[in-house]
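[1] After the sequence you'll find the predicted model.
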Amino acid sequence: MADRRSILPVIVFAQFCCTSLWFAGNGVMNDLLLSFDLKAQALGHLTSAVQFGFISGTLSFAFLTISDRFSPSKVFLVCALFGAFFNLGILLESNDLITLIIFRFLTGFSLAGIYPVGMKIAADYFDKGLGRSLGYLVGALVIGTAFPHLLKEISGSIRLEWRSVIIFTSLLAGLGGLLILSLVPDGPYRTKRHKPDLSLAYKVFRNSDFRSAAFGYFGHMWELYAFWAFVPVILTYFKTIHAEAEFSISLISFLIIGLGGLACMIGGYISESFGTKNTAGSALFLSGLCCLISPLVFIMNSQILLIAFLIFWGLVVVADSPLFSTLVAQNTPPESRGTALTIVNCVGFSITIVSIQLLNLLSTQLNPVFLYIILALGPILGLISLFRKT
């Protein structure tokens, strides 16, 4: 059994391993389109399928109060194994768009027992310094989300098929689940709920401070996953109109998304000096500003400026994520914390489907350089909610 000092690194690494399932399909999207003869719009559908699966899973887990009633470590393992299995399903040669959507949906459903449950496990161990701990945890999610893009780059350089990316991410997920079960027992701050409370998902919103944090998070989520999903689209468009541009879309996509993991970790430390709410609000403001000025950067004929801008945006767009989760956890009783984190994740990821599908629709009608302006709506409303006086 690991001691307290080694608990957080184990949770962080396991979270990284399991959340690599999230964008496994996006990392090999071009190969999926070619292998299964799909249209370009499949990007939005397959990305939204994972989100919708996650939403369905978190809604089910929240109403049944799964992570507050059962051992979070066991829930994590079971969901990691199911996620790994469903991820492998996209390798079937008989797949079409419908079956691929189903497999991505089921993978997303499994992730409902990984991401919020991982945060619940951390909250059960770290009462003090929770913001810093969740910063590492969400950082692991971000790097795990970006990891398939790096795997795609590596597999291409050593001439491996795209299927190797899918197999490797499934193996990682299985490993992460086993590590949690074997090395992370139930935490000392865990309070077990003995029976389901179907109304708990509503009760937590009665707290005004909880609502402020939750609605700030919802504004953040309107922007986050849509930005991540369409980063390769912007990079591809830039290379199309600038034949002289020389960069790897997979590698740059990994850097843009993955470096956000460092921002989550650093943000946790910054919040200890400037306050969790203020730090989250600052990151949300900067990412919203990036939405508004993005067309100016995209139309300039400079790949260095474009990549630097997208990397900065990738840092600030996710830096507030663990801070909002910290605010949610701090404004929830310990016996309800798992359910509160889960239901907030559920609503937040529901919002991502709307923004992803909206960008998916607009991408066929607008010049791609103008796509991201609409995402500014989320940060604007999120900031209003976060700092509104009650």
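    Looks like it came in fine. Keep in mind the model is a prediction, meaning the values are calculated, not measured.
[2] Just the mean pLDDT for stretch 142-154, thanks.
    Averaged across stretch 142-154, the pLDDT comes to 84.
[3] Ok, stretch 48-58 next?
    Stretch 48-58 comes out with an average pLDDT of 89.
[4] gap between it and the chain center?
    In terms of CA atoms, centre = their mean, to the nearest Å, the gap separating the centre of stretch 48-58 from the centre of its chain is 12 Å.
[5] just checking, next helix/strand downstream of the longest helix along the chain?
    For the chain, the helix with the greatest residue count under DSSP state H is helix 208-241. In the C-terminal direction, the helix or strand that comes right after helix 208-241 (DSSP states H and E) is helix 249-258.
[6] what's in contact with that next one?
    With contacts defined as CB atoms under 8 Å, 6 or more residues apart in numbering, helix 249-258 is touched by 23, 27, 142-143, 145-147, 149-150, 152-153, 156, 228, 231-232, 235-236, 239, 307, 310-311, 313-314. Where you see a C-beta, it was placed from the backbone N, CA and C, and this is true even at glycine.
[7] quick one on the thing from earlier: now the angle from the longest helix of the chain to helix 249-258?
    Between helix 208-241 and helix 249-258, the angle comes out at 160 degrees (axes from the mean of the first three to the mean of the last three CA atoms, to 10 degrees).
[8] which parts of helix 208-241 are buried?
    Within helix 208-241, the residues scored as buried using 16 or more other CB atoms under 10 Å are 210-235, 237-238.
[9] D96: neighbour count?
    For D96, the count of nearby residues is 10 (other CB atoms under 10 Å).
[10] Please apply the same query to A243.
    Residue crowding around A243 was assessed by other CB under 10 Å; the count is 7.
[11] Could I get the contacting residues of it?
    Taking CB under 8 Å, 6+ apart as the test, A243 contacts no residue whatsoever.
[12] I'd like to know how far it sits from N301.
    For A243, the distance to N301 (CB to CB, to the nearest Å) stands at 12 Å.
[13] So which elements touch the longest helix of the chain?
    With contacts defined as 3 or more CB pairs under 8 Å, 6 or more residues apart in numbering; DSSP states H and E, the packing partners of helix 208-241 are helix 42-63, helix 249-258, helix 276-298, helix 303-319, helix 321-330, helix 337-362, helix 377-387.
[14] quick one, the fourth one and helix 208-241 angle?
    Helix 303-319 runs at 160 degrees relative to helix 208-241, counting by the same axes, to 10 degrees.
[15] what's the distance between helix 303-319 and the middle of its chain?
    How far helix 303-319 lies from its chain's middle: 17 Å, per CA atoms, centre = their mean.
[16] cool, the second one as well?
    On the basis of CA atoms, centre = their mean, helix 249-258 sits 15 Å off its chain's mean C-alpha point.
[17] Just give the number of residues close to the closest residue to H149 other than its chain neighbours.
    In space, not counting the residues next to it along the chain, H149 is nearest to F254; the distance is 4.0 Å by CB to CB, 6 or more residues apart in numbering. If you count neighbours by other CB under 10 Å, F254 ends up with 24.
[18] and if you look at V297?
    The criterion is other CB under 10 Å. On that basis, V297 has 18 neighbouring residues.
[19] In this structure it contacts F309, no?
    Yes - the pair V297 / F309 is scored as a contact, 4.6 Å apart, by CB atoms under 8 Å.
[20] Look up phi and psi at P333.
    For P333, the backbone dihedrals (degrees, to the nearest 10) come out as phi -60, psi 150.
[21] Next one: it relative to M119, how far apart?
    With the distance defined as CB to CB, P333 ends up 16 Å from M119.
[22] In ChimeraX, select just the buried ones from the contacts of helix 249-258.
    Command for ChimeraX that selects the buried part of the contacts of helix 249-258, burial taken from 16+ other CB under 10 Å:
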select :23,27,142,143,145,146,147,149,150,152,153,156,228,231,232,235,307,310,311,313,314
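[23] ok, A340 to I114 distance?
    17 Å.
[24] now stretch 268-281: mean pLDDT?
    Taken as a whole, stretch 268-281 has a mean pLDDT of 90.
[25] A263 and A140, how far apart?
    Taking CB to CB as the criterion, A263 is separated from A140 by 13 Å.
[26] Hmm, I typed the wrong one, I wanted I11.
    Distance of I11 to A140, computed by CB to CB: 8 Å.
[27] and stretch 106-120, how far out from the chain's middle?
    Taking the mean of its C-alpha atoms, stretch 106-120 sits 11 Å from the chain's own mean (CA atoms, centre = their mean).
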